[in-house]
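Enquirer: got a predicted model here, sequence first, then my questions.
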Amino acid sequence: DAGVTQSPTHLIKTRGQQVTLRCSPKSGHDTVSWYQQALGQGPQFIFQYYEEEERQRGNFPDRFSGHQFPNYSSELNVNALLLGDSALYLCASSSGQLYGYTFGSGTRLTVV
Amino acid sequence: KQEVTQIPAALSVPEGENLVLNCSFTDSAIYNLQWFRQDPGKGLTSLLLIQSSQREQTSGRLNASLDKSSGRSTLYIAASQPGDSATYLCAPGDSGNTPLVFGKGTRLSVIA
């Protein structure tokens, strides 16, 4: 049973560019959450998607947007990249709260 | 707003020692609590999930306890091994699909 799959694993972008990160949830999960983790910090919640809609959002600017597809996979888009957007981006999937969250291996984004 | 604190921030122990990692959270109205392991630059691996109705959960050499009323959880690692070296994160979850909140974790080094 495949867990959460994220792509790409690493990415280098130039300041001002746009980036799209992708996530396929664990089989049977219908909810996808995205987190940003800076070096030495815990993961910070960006937003959560359920039934193809953004259900909750953390304290992140509108440059961060997302999408969920009918097959529950999800994309995270970041526009006008800043150096401070360099981080590990984590995707987590879940199905209700009872069974907890499953995380992917993350995408390491470096903005130069 | 839920806040999570993990003590100590870092811990270095010789191989074979038993150790305890502490997690405290400010809002005790939780549904469950999850412990994760994170290797450098990697995603989060779920170790244990404790429901609010449970007092503890065990998996191999790991035992996690939960005292919901006092807002505390501990992760006990028996007979530590160098392979246990990683950052350990706890995350309380509530029933309202509120996203997980993380502290900064405890960075564990087990010396052979």
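Expert: Happy to help now that I have it. Everything numeric here is computed off the predicted structure, so don't read it as measured data.
Enquirer: any idea what the nearest residue to B:Leu100 once chain neighbours are set aside is bridged to?
Expert: In this structure, B:Leu100 finds its nearest non-sequential neighbour in B:Ala91, 4.0 Å apart by CB to CB, 6 or more residues apart in numbering or on different chains. No exception for glycine: its C-beta is placed from N, CA and C like everyone else's. In this structure, B:Ala91 bridges to B:Gln34 when assessed by DSSP bridges.
Enquirer: number of residues surrounding B:Ala91?
Expert: 28 (other CB atoms under 10 Å in any protein chain shown).
Enquirer: who's in contact with it?
Expert: If you count contacts by CB atoms under 8 Å, 6 or more residues apart in numbering or on different chains, B:Ala91 has them with A:101, B:4, B:33-36, B:100-102.
Enquirer: quick one, strands of chain B?
Expert: Assigned by DSSP state E, the strands in chain B fall at B:4-7, B:10-14, B:19-25, B:32-38, B:44-51, B:56-59, B:62-67, B:72-77, B:86-93, B:106-111.
Enquirer: put the alpha carbons of the fourth one into PDB.
Expert: What it means is strand B:32-38. Written as PDB, here are the backbone C-alpha positions of strand B:32-38 (Å, rounded to 0.1, in the frame of the first residue of the first chain):
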ATOM      1  CA  ASN B  32      -5.600  12.300  19.900                       C
ATOM      2  CA  LEU B  33      -1.900  12.900  19.800                       C
ATOM      3  CA  GLN B  34       0.700  11.600  17.300                       C
ATOM      4  CA  TRP B  35       4.400  11.100  17.800                       C
ATOM      5  CA  PHE B  36       6.600  11.400  14.700                       C
ATOM      6  CA  ARG B  37      10.200  10.800  13.800                       C
ATOM      7  CA  GLN B  38      12.100  12.900  11.300                       C
END
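Enquirer: quick one: distance of it to the chain centre.
Expert: Its chain's average C-alpha position is 5 Å from that of strand B:32-38, according to CA atoms, centre = their mean, to the nearest Å.
Enquirer: quick one: mean pLDDT over it.
Expert: Strand B:32-38 shows an average pLDDT of 96 in the prediction.
Enquirer: which bits of chain A sit near chain B?
Expert: Proximity of chain A to chain B, by CB under 8 Å from any CB of the partner chain, involves residues A:4, A:6, A:31, A:33, A:40-45, A:48, A:50, A:55-56, A:58, A:88, A:90, A:92, A:97-106, A:108.
Enquirer: cross those against strands and list the overlap.
Expert: A:6, A:31, A:33, A:44-45, A:48, A:50, A:55-56, A:88, A:90, A:92, A:102-103, A:108.
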